[in-house]
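> The following block contains a protein sequence and its predicted model.
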Amino acid sequence: MLLHRLVWPSDRELLRWLDWQWYDDLPFRSNGPVAVAYALLGLAIGVLVGLLVRRSLPALGISLVCLLAVHFLLGALRPYLWPSVTLTTTEDYPVFSGMPVEEGAITPIGTTHVPNPCGGEDPGCLTQHHIVGFHVDHHPPSHFWPLQLTETGIVLALTALAVLASFRLLHHRTAA
């Protein structure tokens with residue numbers, strides 16, 4: 001993980017060619033401590049399921065399904081693990097760089113964020129629906145490490161729970 005992190009920014013042309021952003025799943029999970037945490041979680045889930053099932057091939061399949069479920073669930077929750085930054089404008093959607101979280105329109109009250117009912121910036125439609133501006137919630141590149149560490153903490157907590165359950169199950173089976 002450390003070697004990958006050191007080499008990652010060295011070839012910007014490759015990143016442009018691959019069209020990868022820092023928040024995409026593959027670069028995000030391979031550029032920080034969350035990669036190591038997922039490996040530990042896979043091992044802990046594998047041991048727990050192996051103890052429960054007592055058959056190696058079914059345990060491998062079940063462990064893979066469990067790990068993929070955690071992987072996809074945390075991937076879907078990632079934008080909400082850290083407070084996002086909100087940008088607002090009155091003409092068009094604000095320009096931003098980073099992970100998009102949510103975008104929409106602003107009503108005259110100013111605090112009400114609603115989905116854009118027009119699908120675009122048609123002035124007649126915006127006036128009809130009382131839309132006075134637009135907002136974009138996003139994570140700038142500076143949120144990389146807080147998001148990494150938060151997801152790593154969650155994955156390590158799940159790992160600790162799987163290890164604890166494995167030891168309790170093993171103790172229960174071996175207790176005289």
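That came through, no problem.
> per-domain residue ranges of the chain.
When the chain is parsed with automatic domain parsing, its domains come out as 2-80+143-174, 85-141.
> And the residue positioned nearest the centre of the chain, how close does it get to I45?
When C-alpha atoms, centre = their mean is applied to the chain, the residue found nearest the centroid is R78 (2.6 Å). R78 sits 20 Å away from I45, taking C-beta to C-beta, to the nearest Å as the criterion. Glycine gets a C-beta too; all of them are placed from N, C-alpha and C.
> Can you name the element that comes right after the least confident helix or strand in the chain by mean pLDDT?
Taking mean pLDDT, DSSP states H and E as the measure, the helix or strand of the chain with the lowest value is helix 12-18, at a mean of 61. Once the chain leaves helix 12-18, the next helix or strand it forms, by DSSP states H and E, is helix 25-30.
> mean confidence score for that next one?
The average pLDDT within helix 25-30 is 83.
> Now do it: which elements does it pack against?
helix 34-53, helix 144-174 (3 or more C-beta pairs under 8 Å, 6 or more residues apart in numbering; DSSP states H and E).
> most neighbours per residue, which of the ones you listed?
Among the helices and strands packed on helix 25-30, the stretch with the highest mean neighbour count (mean count of other C-beta atoms under 10 Å) is helix 34-53, at a mean of 19.
> quick check: angle from that helix to helix 144-174?
Angle, helix 34-53 to helix 144-174, by axes from the mean of the first three to the mean of the last three C-alpha atoms, to 10 degrees: 20 degrees.
> Which positions in the helix or strand following helix 34-53 come out as buried?
Later in the chain than helix 34-53, the nearest helix or strand by DSSP H and E is helix 56-77. Neighbour-count burial for helix 56-77 flags 59, 62-63, 66-67, 70-71, 74 (criterion: 16 or more other C-beta atoms under 10 Å).
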